[in-house]
Structures are given as C-alpha cells and as structure tokens.
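Novice: Need coordinates for the below:
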Amino acid sequence: MGLYRDQHSLIPVADLPQPFRSTFNFRYFNSLQSECFSGCFLSDINMVISAPTASGKTVLFELCILRLMSKFLSSEGKFNHKKGTLKTIYIAPSKALVQEKLRDWCMKFHSLAIKCLEMTGDNESYKAKNIQEADIILTTPEKFDAVTRHGARNGDLSFFSDIALVLIDEVHFLNDPRGATLEAIISRIKMLSRISEMRSSPLAYVRFLAVSATIPNIQDIAEWLSVPAQGIKRFGEEMRPVQLMTKVFGYAPAKNDFMFERRLQNFIFDILMQYSRGKSALIFCSTRKGALESAQCLSHIAMSLGYSNPFIKSIEQQQKLKEASLSFTDKQMQSCIIHGVGYHNGGLCMKDRNLVEGLFLKGDLQILCTTNTLAHGINLPAHTVVVKSTQYFNREKGLYMEYELSMVLQMCGRAGRPPFDDAGTVIIMTRRDTVHLYENLLNGCEMVESQLLTCAMEHLTAEIVQLIISDICLAIEWLKCSYLYVRIKKNPENYGIERGIPHECLEKHMQEICVKKIKELSEHGMIWTDDDGFLLKPLEPGILMTKFYLKFNTMKLIVNAPGSCSVEDVLRIISHSEELSWIQLRRNEKKLLNDVNSDKEGRLRFHVLSENGKRKKRIQTREEKIFVLANDCLTGDPLVHDLSLNQDMNSICMSGCRIAKCIKQCFIYRKNYKGTITSTLLAKCLHHRLWENSPYLLKQLPGIGMVTAKALHSAGINSFESLGAADPRKIEIITGRKYPFGNHVKESLLLLPPKVEIKMEEAECKKPGKLKLIVTLNRTCLSATSTKHHYADMLVGSDEDNMILFHEKIRAEEFPSPYVVTVLVSCPQNARVTLKADLIFEEYVGLDLHEKLVVTKGNNSIMTRGPLCEDSMPYALPEEIYLIEDDQKSSSKIMCDETLDLDNLRVNSSM
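Specialist: Residues are numbered from 1 along each chain as shown. I've put the predicted structure just below:
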C-alpha cells in the first residue's frame, strides 16, 4: 500500500455492474481508488482513509454510494430503485464543498434517478417530504444538527431510520472549534442506531466512511467509528499524482490584522519570481478588496518593468491579453489584464468571471489573485499557490479569524493539479507565531483533538431535549460514543486531566464529568432529574436553549431575568451574552464610543451609567461597548460609521434578535406579561434596527433607505398611513427619484399586514369575585394581492400581578373576523385591576395595537377617561383609556394562579 500500481493492477470501471459504469468518465480507477475498491464497493465495513489532497478521494464516496444502491439490483442486473428508502448523508465543513458535490453528483447519478438534496443555510426550501424522498442528503454539521433538533420537536425524524450510509468529508475538521457539532451529530447517529426500535431499520447497520488529509492519529478516528483493521487506509505523499513543494513563511505582526494582510502583498512579487518558475500562479486573498489590490500591486510592478514583464512571455500572448481586456466590463480588470495579472471574486459579473477563468485555463493569463471561492469547484491549472495570510475577515463576527484548516488544505490542493502539471509549489504566508501550525498541517503532523468538552453542556441538553438521552446511563453512553472519549484516554492533559491516571480512574473521572454537567443543568432549571439523579427530562428553558442555539451561560442569564423585565434589562442580557463574548473593546474605538454615550443631542433611549446614575464618560468593557452600539443602531440613523464597529453592530443585531426571541418564549412560559411584551418588541426592533417610535419607520419597506426615509420625514411623511395618503408624484419630487418610483413605493404598502382593530370591554359577570373581559379583533381591510403570511401575538395581561391571562399566535389574514375572546379575571372587592390587550405583529415595528382598561370594584359605578401613566407602559401609548368602576360585591377571594383554569378561558369565534 502507498505505491503506485502498474497499469495491469489498476481496477477497471468495467468491473462494476452495468448500470453503474456510466457514473465514471474514465476507464481505470487510480492506484488509491484501486487499493480501496474492495473495501468500498465489495464490503459494508466502516472505513477511514487518510490521503493527500487531489488524490481522488471523492471517487471512494461514490463507490460506497453505489455499494448501497447495489441492494436495488435484481438477479438479472437491473436497477429497480425505491427512492428514499436507503439514505446517504454526506457531511462537509463548508457550504461551498457541499454545493460542489451536489452539482457533481446530480450529473453523475442522474441516469440512476438518484435524488440529491442540499441541506444548508443557502437552501431553506426543503420540506419533510423532500427529505423523505431524497437518496443523498448533502449538508454541513450545523445545518444537520439544526434540522434534526427541529425535527425531534415536531416529530419529523422518521427519515433517520432510513440512514444507511454516512460520508464524512474532511474529518480532520474535528480539530476546529466547529468540529464539536460534527462530533455531536455523529454521536447522535451512533446512539440512535443502537436503540431497540431501530433494529429492523437501515440505521441499525449504518456504515461510516470518513476521509481526511494526511493526519498522524487516524487510528483514533477509526476507533471512534468502529473501523476494523482492514478498513483503515493511510496514504502518504507518494500517492499524490502531482508532487508538491511546500514553504511556510512567517512575518512580523502589523498594527492590526487588516494592515498585516495588506502589507503581505509587498512580498508576493519576489516570492513568485523565486518559486513559480515562470508558470501559472493562484494567489488566495481573504477579501475581494485584497484580491483587487494584490492584482493592482503586481500589475504596477510588471508595468514598471516594461519589456521585462515576467508575466508575459511573447508578443502573441500580449496581443491576446489586449484583445481580451476590451471584453471586460470591469475597468480595473482591463488595466490589470494587459500586464498578465487578473483577479477573481464574487463581486465580478458572470461574464467577467467566465472570461478571466477562460484566460487562466488556456494559459494566456499567468497570475490570478482570488478569494477562497476558487478553492472549490472549477479546476484551474496552477503550478504555484500562494496563501496570502491565513486569516480571513469574518463578517458575522466583525474580526479577522484563522481559516479553518480544511479550507487551507483546499487552497493548497489547487497547486499542480492533474492533468495540468507534474509538480507544484505551495507558499503559505502567515504570522511568525503560527508558522509551526501550518508546517505541521502540510506535513501531516497536526494531531486531531476533540472540541466537544468546551460546549458539552449545550450538546448534552440537545440530546436530552430530543429524548435520545433519558437517564444518566444513556448520558454516559452518549459520552462514550464521542470522539472526546477516545482522545481523553490518549491525551488526558489536553482536557485538563493529569497524565498517568489508571484507565479505571479515567473512566470514573469521565463519568463524574457527565454527572457534574447533568447536575449543573438541573440546578439551573434546564432539565429535571428525580431524587436519585437518574432519570432525565427536558424542561422549557433547556428546550428553548436548544431551539435557539444559545450558550448555557446565556441561558442562565435569561432564566434569572427579573419578573418586571424592561427593554433596558433585555438589552443588558444581550450585552452580557456569551454569543457576543468574542467582541473586543479596541483602544482606538473608545473615543467614538464615549462620544456616542455622552449623547448631547438626546438620540439614545438608554445609556451606560456610572454608579452615581450619571452617563459614564469612559466606556471600559466589552459589555458597555455592546450596549452603546445596540442603542446607537436602534436610533435608525447611527453615528457610528467605522467599518469594524459596523461589523460588530451587525453581529449584535443578529445575535441579539435571536436571544430576544428566546427571552420572549421564556417569559411566555413563565406567564410573565411585561417581559413578554418588552422582549417581543425588542426582537423585531433589533431585526429592523429601529425603535418602534422611530421617525424612519418607512425604512422597513423595500426601496426605501435612510436618505429616502429622511427626505420623506422632512416632508411630514413618516408613517405608513401618511405614505398611503401621499400622491406618487409628490413622493418622487420629495425624494428626487424618477417615475415610477412613487408607484412602486405605494405598491410596497401591500406587503404590510391587513389593518386590524382591537377592542376590550367589560361584560356582565354573575360569578362573585370575577370580572368578565371581552376582547375583539376586527379586520378592517384585507389586501387581496399580498401572498405574505403576517403573524402576530395576541396578549391579554394584568398590570398588578404581571400575569398573562391569554396568549395566542394568530395570522392576520386568516383569523375569523370578528374574533372574540372571553377572559375571566379575579377581581376582589375594592381592588383596582389594570388590564391590557395587545396585538403585536411579528415582523413590522410601528403597527402594534394596545388597549388598556382600569376596573375598580366599589360602591359607585362610574366611567371616566383619563391619561395613561407613561412609566407603566413598555410601548407607545394609546390616545385614550377607559376607567370603569363597578359596585358589584364579592363574597370570595380568588388567587391569581386560579385565573387560567379551563373555566376561566373561553374563545367564541361566532359572528
């Protein structure tokens, strides 16, 4: 093993059954594929294969798929496929890799009518039926985890029993922080395959095939996946069809990560002169702008050299490039191309992308600067690959992060790819302190460790919520199904355990870890355990933590939130959440943040305060920074325009919206009225980055940005009603836009929910100590053209005890109008009861409806109208309220917790 077979020992594709041969467009499998053929196609054993990039590992996946499909072959060799009954799950670390395989396999398996389904964040169109009918599901770890979590709650996990094959691409991804999710879902599959209900299903005999780049501890992954000795295949660099020379260069750090990456482009020309040998080169840059600037830098150097330009070899090549440059729509590309340098990124139009790919593929263009989009997909010839910085800008988190190691290997795999070259060169440019990491990676010396321990609380809770774990024994069994269990025995020091502990003590220690985490989850109300701590059941906070993908520490903050939780309180929970703990307070940001918090113009609703209650002059912590940015963003017109802070702001709003939605559900569970109102409101405000009383509410409509919203506001058009009443031509004059912009804006109002009225009144009640409320919803108009679904929360609550008396999620277009709800409320003699009814739309701010009724049972019966105390309201105030006083006497006292029994709640939808 490990040496090339000669032509006579290579296995021909003709050895496959006739229906499967058209899958491959070559006659013979290569040496690696031939070596693995019997294990992949002639057996059902689990396998783990370690081999260099570009050595043909994808074919091994396809052989395993065909092995599974061979169960549909008749004795006559005919393929009688029953769709969806034997499923393959393909798991890759990135959407790009998933989509590359999807395109490839849709074409290859089309003749067999094998259905492939992409399950990533880019494809949300799948339904339970699509999953049931799919033969191959291609997914990322996070998406598969999310779908199975959701499916467990909704009873849509029936497809699990049909899983017969699991393909894990880039299994060394376990070493990445995101690898914990991969580990968790594989452990979930292993656990489910062992339960008695699955004995007669394909899942009971599920097969695993994992492939990776060259790694030193492949044996550990084999142990985790129960791979027999004959299923472990390790191939070295001699199996690479094109031999690579690799170099890792370390550079001194710069003032910041952005400046470091930018400075590296000054070294690229010299590296190309020394190592590319005048052949083609791909230069991977972390951003679109970085790719453009690197190309411009190289083209300027080439231009300065005149006839000595090393990137143009002949007059003929130069003429081709000049002619080709005229076809590009991008002017900057034109100026680079004529000097033999191009760039490629997602910002180019498809025509320009195809042109530059074609020039590079034909060899007319020698140098191509690109983002990581070319690490997958189209195979471009490149003798040399330069990775300009091992960090990329994570837009979601707003900071530079190290590439996933699998991504670096994908980039390196573009060097010297067959059939274009017989040798290749890889140059990695990184910081001095990470040189050893990438040297180990390229040399196959980087040990693959487990990352599960750092987020075990969240994944353990998820399994309990899905009822996969129902007692402490199963929890320990789940831990034993993990890769962590394998590695903690081999390298205990890496997981905080002293080396040299006897195996028996190590087993006991791991059980103690599991029991400790279970106990902590129970103490904070995430799960229930019996008195012996044996049985395990999920509680609502644990269910919500799993549903919204929140960290355990964040959920603890939510569970401990005060009962009278204000909008400010919810913002502070978000500011202290673990989801945003990566945000840094940089020194150069402090002055701007201090200025925003000082708020001389009175823009902000809330401020960071010092101990004496005054606005803090100096922002000193990450949490304070998050709080200030959130408040600035919610004004609708933030003062902060710094790129880095804007990225932080984006992350705060995205994560904050998710956290606020979880807080809302938690308060609904606790029947907490004020907390539900405030968190519901804040969730959608963060989504739209507007307060509910913002003068720029029209920004929520398509085609209206801040400039347009400001222009309309200055003309007195600052609500949906005033916009609806405005003339389209007047709108165009105000905004300086051309016809038919005004018509389009008016048409966009059809996207809004239909208009609804809410009314609350007291009705006669014969039960002593009770008050009967009638809450009525009336739909005043319905847009016939809108196909959108508009959901809203209908709430009735009491101020005195802060209790939800009624809650229902309705669809604004579909509820039977009028919709009448009858609520009985406890109202002791001489007590003053403040009741509120709300209709809060899920998507839009500025449309919510609120009613308030104050009832006093006394000796006199009067009705008055009076102003509402602003401090008591967590939302915009209605214009008027009604105060009703009743002289009905009560002979019994009803407790608040008796308000919501079945006798006290009736819904009447009759007309």
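Novice: make it CA atoms for all contacts and neighbour counts henceforth
Specialist: Will do.
Novice: in the stretch 301-450 of the chain, which spans are strands?
Specialist: Taking DSSP state E, counting those that start in this stretch to define them, one finds strands in the stretch 301-450 of the chain at 341-344, 367-370, 384-388, 391-394, 399-402, 423-431.
Novice: Make a markdown table out of these and add mean pLDDT, mean neighbour count and distance to Q451.
Specialist: Shown next, in a markdown table, are the strands of the stretch 301-450 of the chain (pLDDT from 0 to 100; neighbours: other Cα atoms under 10 Å; distance: least, Cα to Cα, whole Å):
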| stretch | mean pLDDT | mean neighbour count | distance to Q451 |
| --- | --- | --- | --- |
| strand 341-344 | 94 | 28 | 35 |
| strand 367-370 | 94 | 26 | 31 |
| strand 384-388 | 94 | 26 | 26 |
| strand 391-394 | 82 | 19 | 20 |
| strand 399-402 | 81 | 16 | 16 |
| strand 423-431 | 92 | 23 | 24 |
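Novice: now for those, which one comes closest to A14?
Specialist: Nearest to A14 among the strands of the stretch 301-450 of the chain is strand 423-431; the distance by Cα to Cα comes to 30.6 Å.
Novice: follow-up on the earlier one: looking at the strands of the stretch 301-450 of the chain, which is closest to S450?
Specialist: strand 399-402 (18.1 Å).
Novice: Adjacent strands (with direction) for the closest one?
Specialist: Sheet pairing for strand 399-402, assigned by DSSP bridges, gives strand 391-394 (antiparallel).
Novice: chain center to the partner strand, what's the gap?
Specialist: Relative to its chain's centre, strand 391-394 lies at 16 Å (Cα atoms, centre = their mean, to the nearest Å).
Novice: Equivalent analysis for stretch 305-315, please.
Specialist: The answer for stretch 305-315 is 47 Å, by Cα atoms, centre = their mean.
Novice: ditto for stretch 537-549
Specialist: The answer for stretch 537-549 is 18 Å, by Cα atoms, centre = their mean.
Novice: same question for that stretch, mean pLDDT?
Specialist: Here stretch 537-549 scores 95 as its mean pLDDT.
Novice: Same question for stretch 132-150.
Specialist: 91.
Novice: Select, out of the strands of the stretch 301-450 of the chain, the one closest to F159.
Specialist: strand 391-394 (34.2 Å).
Novice: Go through the strands of the stretch 301-450 of the chain and name the closest to V640.
Specialist: Of the strands of the stretch 301-450 of the chain, the one closest to V640 (Cα to Cα) turns out to be strand 399-402, at 16.7 Å.
Novice: I'd guess C653 is in a strand, am I close?
Specialist: No - C653 sits outside any strand when classified using DSSP: H, G, I helix; E, B strand; the rest coil, being helix.
Novice: Excluding chain neighbours, what is closest to it?
Specialist: Among residues not flanking C653 along the chain, L686 sits closest, at 5.2 Å (Cα to Cα, 6 or more residues apart in numbering).
Novice: Return the list of helices and strands in contact with the strand or helix carrying M510.
Specialist: Assessed by DSSP states H and E, M510 sits inside helix 503-523. When contacts are defined as 3 or more Cα pairs under 8 Å, 6 or more residues apart in numbering; DSSP states H and E, helix 503-523 sits against helix 456-465, helix 472-480, strand 527-529.
Novice: Mean pLDDT and mean neighbour count for those - can I get that in TSV?
Specialist: TSV is the format used below for these (pLDDT from 0 to 100; neighbours: other Cα atoms under 10 Å):
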stretch	mean pLDDT	mean neighbour count
helix 456-465	95	22
helix 472-480	92	19
strand 527-529	94	21
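Novice: Could you give the separation of the helix holding M510 from the chain centroid?
Specialist: 30 Å.
Novice: Could you do stretch 128-143 as well?
Specialist: 17 Å.
Novice: who does the closest residue to K671 other than its chain neighbours bridge with?
Specialist: Once flanking residues are discounted, K671 sits nearest to I804: 4.9 Å by Cα to Cα, 6+ apart. The partner list for I804 in beta bridges (DSSP bridges) reads G797.
Novice: returning to what we had before: with distance to T635 added, can I get the helices and strands packed on helix 503-523 in CSV?
Specialist: Below are those laid out as CSV (distance: least, Cα to Cα, whole Å):
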stretch, distance to T635
helix 456-465, 34
helix 472-480, 47
strand 527-529, 39
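Novice: got the contact list for the residue positioned nearest the centre of the chain?
Specialist: Geometric centre of the chain, nearest residue: G121, 6.9 Å, by Cα atoms, centre = their mean. G121 makes contacts with K143, as judged by Cα atoms under 8 Å, 6 or more residues apart in numbering.
Novice: That one and L374: what is the separation?
Specialist: According to Cα to Cα, to the nearest Å, G121 and L374 sit 20 Å apart.
Novice: L853 now?
Specialist: 63 Å.
Novice: before we move on, what about D15?
Specialist: Taking Cα to Cα as the measure, D15 falls 35 Å from L374.
Novice: Mind checking which of those two has more residues around it?
Specialist: L374 (20 against 10; other Cα atoms under 10 Å).
Novice: what sits against that one?
Specialist: Counted by Cα under 8 Å, 6+ apart, L374 has contacts M411.
Novice: Check I136 too.
Specialist: Taking Cα under 8 Å, 6+ apart, one finds 87-90, 114-117 in contact with I136.
Novice: next one: R194
Specialist: Applying Cα under 8 Å, 6+ apart, the residues near R194 are A204.
Novice: cool, and the one 10 residues further on?
Specialist: Contact analysis of A204 by Cα under 8 Å, 6+ apart lists 161, 193-194, 198.
Novice: Per-residue confidence, it, what does it come out as?
Specialist: In this model, A204 is scored at 93, pLDDT.
Novice: Same question for L902.
Specialist: 31.
Novice: go on, P419?
Specialist: Confidence score, pLDDT, at P419: 66.
Novice: ok, now L374?
Specialist: Listed pLDDT for L374 reads 78.
Novice: Out of the contacts of I136, who's the most crowded?
Specialist: Comparing those by number of neighbours (other Cα under 10 Å), K87 comes first, having 30 neighbours.
Novice: who's the closest residue to H344 other than its chain neighbours bridged to?
Specialist: Computed as Cα to Cα, 6+ apart, the closest residue to H344 that is not its neighbour in sequence is T370, at 4.7 Å. Beta bridges link T370 to F284, H344, judged by DSSP bridges.
Novice: Touching, T370 and A281? I think so.
Specialist: No - with contact defined as Cα atoms under 8 Å, T370 does not count as touching A281 (10.5 Å).
Novice: Off-centre distance for the host helix or strand of L66?
Specialist: Assigned by DSSP H and E, L66 belongs to helix 58-69. Here the centre of helix 58-69 is set off from its chain's centre by 30 Å, with Cα atoms, centre = their mean.
Novice: for it, which positions count as buried?
Specialist: 59-69 (16 or more other Cα atoms under 10 Å).
Novice: try stretch 107-120
Specialist: Buried residues in stretch 107-120, counting neighbours by 16+ other Cα under 10 Å, are found at 108-109, 114-120.
Novice: want to throw those residues into JSON lines with pLDDT and secondary structure?
Specialist: Formatted as JSON lines, the buried residues of stretch 107-120 follow (pLDDT from 0 to 100; DSSP: H, G, I helix; E, B strand; the rest coil):
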{"residue": "K108", "pLDDT": "94", "secondary structure": "helix"}
{"residue": "F109", "pLDDT": "94", "secondary structure": "coil"}
{"residue": "I114", "pLDDT": "94", "secondary structure": "coil"}
{"residue": "K115", "pLDDT": "94", "secondary structure": "coil"}
{"residue": "C116", "pLDDT": "94", "secondary structure": "strand"}
{"residue": "L117", "pLDDT": "94", "secondary structure": "strand"}
{"residue": "E118", "pLDDT": "93", "secondary structure": "strand"}
{"residue": "M119", "pLDDT": "91", "secondary structure": "strand"}
{"residue": "T120", "pLDDT": "85", "secondary structure": "coil"}
